[in-house]
Every structure is written in C-alpha cells, then in structure tokens.
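Q: My questions are about this predicted structure, shown below with the sequence.
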Amino acid sequence: TNPSTVWKLNGATGERIWAHVPEMDEAVVARSFFSHTRGLSIGDGRVYMGLADGRVIALDEKDGKVLWDKQLVNSKKDTAGFSGAGTFVNSDLLVIGQNAGEYPVEGRIFGLNPKTGDLKWTFYTTGRGDEKALATWGGDSWKYGGGGSWQPGTVDYENNQIFMGTSNPNPDYDFCGADCRDPKAKAIRAGDNLYTSSTIALALDSGKLNWYFQEAPSDPYDYDASPGEYIIFEDNGRKLVLHPGKNGFNHIHEPKSGKPVNVYPDMKNQNWTSGFNLETGEWENMLWPKAGEKTLVCPAIDGGHSWNAGSYSPQTKLFYRIANEWCMYLTVAPEGGGTTITAGSETRITEPFAQAYMAAEWVGTNPPGDTTHGRLTARNPLTGEIAWEKRYDIIPHSALLTTGGGLLFNGTYDGFVEAIDAKTGEVLWRFNNGSGHNGGIVSYEANGKQYIGVVVGHGSYVGRAIVDHFHKDKFVNVKESAAIVAFTLP
C-alpha cells in the first residue's frame, strides 16, 4: 500500500502476519511524481521492492526483516527512483527499471543478483555506448533523455531474454513539430530518441539488446511503452508476444527476432496515426502538434491502455483488455516558453537536483461525437478480431483475471467487481466493494479452498483523472482507501 508498505496476510482470514514500512529519504519523496511503489516481486523466499529514493530492498518472506538494501539510483541528484515492480527471473537474476520519463536524467534497467542485490548489468535506455541509438539524439540530449522502465517485464525463457517497455523521452513534449524526427532539427531532443517509448528485448545473461520496436518515434504525445503487459501466446504452434501500448494499439511480434507480425488499434478514437505499415516498418501520417497551438490528440496523456493488465485465456484463446476512449487538448510550449505548463518546470533543470520537465499544457476532453468511456474487448490476439465487447461509461482501471472455470473478473471504478462469462461477455455476478478499483485481481488457494482476491481503493494519477476531471458529479465525497476483499464459493 502507499507509499511503500509491504503486508503479509493470511490468505484464508486476512489476518496481518507482518508489515514493513521502509524509512525513505523524505526530501526525495516529497518532490517525486512517483512517491509510491506499484508492486512487488517474490522469489527464493525473498520479497523485492524498489523505493522512490532510488533503493531496492529484499525482505525475508517469513518475517519481513530486511536482508539487503542497495542504493542504485542517485535520487538526491536525479529525483527519479523506483516505482514499478521488479521481475524475479531465476535464483541468479532480478530485473528492475527506474523511473525517468518526466525527469531530465538517463533511464536505466538493472540486472541484480537476488541473493545479495549486487549489480550484474545495466542497460541505458537512451543509448549510452550505443552509436546507433546516440545518432537518434540531437547533440548531447541523450544525457537528459528520460526513458525509464517503470513496469515489470516478461521473461522469454526459451530465447533467454526479457521483454521490457521503456517510457517517454524527456521533456515529454518538444516544440519542433513535424521536424522532430530529424536529429539535426532545432529542438530540445531532436531525433527518434532511441530506445525510448519502445519494447526492448534484453539478453538475460548480459543485459544487451536483442531487438527493439519503437511505439512512438520521437514521442510527441507521452505514449511511453512502459504500461502494458507482455503476453506470450501460441497461434497454430507458433509462439508470439503481444504488447498493448499506451498509444492505443496492440503490437504482436515474433519473440526471437522482434519482427512485427501485426499492429492493430484497440481504441476506436485514436488520431495520432493512420496506422503502422508492416512492409515499410513505419508509423504513417503521424500527428505533429505545433508549438503554441491547441491540438486535439487521442488518446490522452493517460493512454489508450494504462498500466492495468489485461488477461489471455488459453481456454478461450482470447485476449481481454480495457481500452480507454479519451482525448486531450495539447498545447506544446514554444521555444523559450510563453504558455501554461500543466506540470513541471519551464526549462530543463538538473541542479541541485533534477526537476520534472514536461513542457506542455494538456486538458482532458471527450472523443469527437462521444463521451469519455472504457471498452472491455475480447479479441483474437493475433488478428484483432473481436469476439465481444462491453462499454463502460466510467473507465475501469483494475487489472483483469481469467480463470480455468471460464470466468473473467473485472473491477469497475464505481465499486463493482464482476464475474463475466469469458466466452460470451455476459455478466454473471456483481458485488460492490465501496470504492474504485485500481489494483490487481488474483486467484489463489489457501487451506484447500480457492479465493479471488481483489485490491480496492480510489487513488492513482489515472484514477484521479477519472474522478476529478470527467465524473466529479458521480463521485461526491469519494474517499481514498485501501483494502483487499477476498471471495470464494459457498
């Protein structure tokens, strides 16, 4: 729970067994956009957590005692730290990425020894030591280029690699407009800015790059690729990997080579591109907002897909995902400033510490001819063919769960947890937990009985956007809360 408390609970009763509240550098936490931890990783009897002040710690799963504590990011200087969960790969490797998208720092992904926390390898998401990547950055802007990786990855054991998503370049927005992809353009961060806003596949042994796919070149919209899970699935005996991007598209790749097999929109209301051309390998007809001009951009900064994971069912062979149908009016700050800035500093500031630098104003708005809403889609993951879909006037923001019993579980923002027929989309059961759902839903066994555990509680950046901006009249006196509610069959 926020900001970074770890709880161990009895799965059958909810009774607290232990809790760990870490001491953090409150000066760093106070100025951080991400003063919380989004998740944990568990392996070999240890619980691993990254902290906002740049440390990664390991707790003893039995009693919660700290086993090791490593300072990996100089957060006193960089402000960026950790907010996402790590990925426990095996007894010799834990992988975790730092924040960076909103800060003028170098993004990094770390490979650690889970026994000791010692550093095994580092991957620099803005290209340090990689001439191909550095050529896509104007001047030395890569040194301040952002591009963290704040969500856990997915391990492809067959090919000895891990899939990770990287965040947007810094600043989030640039004044260069249609010239932005040219590394010689007059801009803050001219060029394609590799390897930001990309899927990257890293070798487990060395952290070296096997392949990448950029989901928003020179990202002018803040469509970082960190949100969204990586689903490895089979289609007619062929293994593929799917990533639902913040850009509103689903991206399907061959795992070993990274070759895009299909790229299709999950949103109905996206206007930043006409699509991805599989033959040329390019996004076509990209929308380039002009500095100082208010531009309608869809999806909004919050993304066509957010961090809340979907679910693939090997039973139905369908992929289930929440798509966010919303837009924003974006006004990118001209060179030298002169417009309203929604968040962060007016210019790049790195001394005495890095400050958030976003360089634009954005205001959420409805899609043309419609209202903001969410869509739960059930698709063939490769072709994108829809088996069924369900509209929600208030965007749901929980993770999804499919079960072997043929069910799909979803948590809505107005408090309901739903059990849905995974084949047909029919809602079979609903229960109101009294607050919005922002977290995960899991199935687990305790004392021989199956439980469905649901994380409940209003909050988070996207959750507050849903409530405070779009649906304030429907959430009068809504309270932020934190609970786990577990269900089982009678």
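A: Nice, thanks for sending it over.

Q: Please state the offset of stretch 409-426 from the chain centre?
A: Mean C-alpha position of stretch 409-426 versus that of the full chain (CA atoms, centre = their mean, to the nearest Å) differs by 22 Å.

Q: Would you mark the buried spots in it?
A: By neighbour count on 16 or more other CB atoms under 10 Å, the buried set for stretch 409-426 is 409-420, 422, 425. Just so you know, the C-beta spots here come from the backbone N, C-alpha and C atoms, and that holds for glycine as well.

Q: what do you get for stretch 198-217?
A: The neighbour-count check on stretch 198-217 (16+ other CB under 10 Å) flags 198-204, 207, 209-217 as buried.

Q: And for stretch 446-455?
A: The neighbour-count criterion (16+ other CB under 10 Å) identifies 451, 452, 453, 454, 455 as the buried residues of stretch 446-455.

Q: For my notes, confirm residue 77 occurs in a strand.
A: No - Residue 77 sits outside any strand when classified using DSSP: H, G, I helix; E, B strand; the rest coil, being helix.

Q: tell me the contacts of the nearest residue to it once chain neighbours are set aside?
A: In space, not counting the residues next to it along the chain, residue 77 is nearest to residue 353; the distance is 5.5 Å by CB to CB, 6 or more residues apart in numbering. With contacts defined as CB atoms under 8 Å, 6 or more residues apart in numbering, residue 353 is in contact with 31, 76, 77, 78, 79.

Q: Against residue 75, how distant is residue 353?
A: Summarising the geometry, the distance separating residue 353 from residue 75, computed by CB to CB, to the nearest Å, is 8 Å.

Q: Ok, residue 400 next?
A: For residue 400, the distance to residue 75 (CB to CB) stands at 33 Å.

Q: Can you report how many residues neighbour the nearest residue to residue 176 once chain neighbours are set aside?
A: Residue nearest to residue 176 in three dimensions, not counting chain neighbours: residue 187, with 3.6 Å by CB to CB, 6+ apart. Applying other CB atoms under 10 Å, we find 21 other residues in the vicinity of residue 187.

Q: right, and residue 154 touches residue 199 too?
A: No - the pair residue 154 and residue 199 fails to qualify as a contact (CB atoms under 8 Å) at a distance of 10.3 Å.

Q: re earlier: put the buried members of the contacts of residue 353 into a ChimeraX selection.
A: A single ChimeraX command is used to select the members of these judged buried by 16+ other CB under 10 Å:
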select :78,79
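
Q: Mind putting the contacts of residue 353 into CSV with pLDDT and distance to residue 376?
A: Shown next, in CSV, are the contacts of residue 353 (pLDDT from 0 to 100; distance: CB to CB, whole Å):
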residue, pLDDT, distance to residue 376
31, 91, 37
76, 97, 43
77, 97, 43
78, 97, 38
79, 96, 36
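
Q: Run a quick check on residue 370 versus residue 325, I expect a contact.
A: Yes - when contacts are counted by CB under 8 Å, residue 370 is listed as touching residue 325 (6.9 Å).
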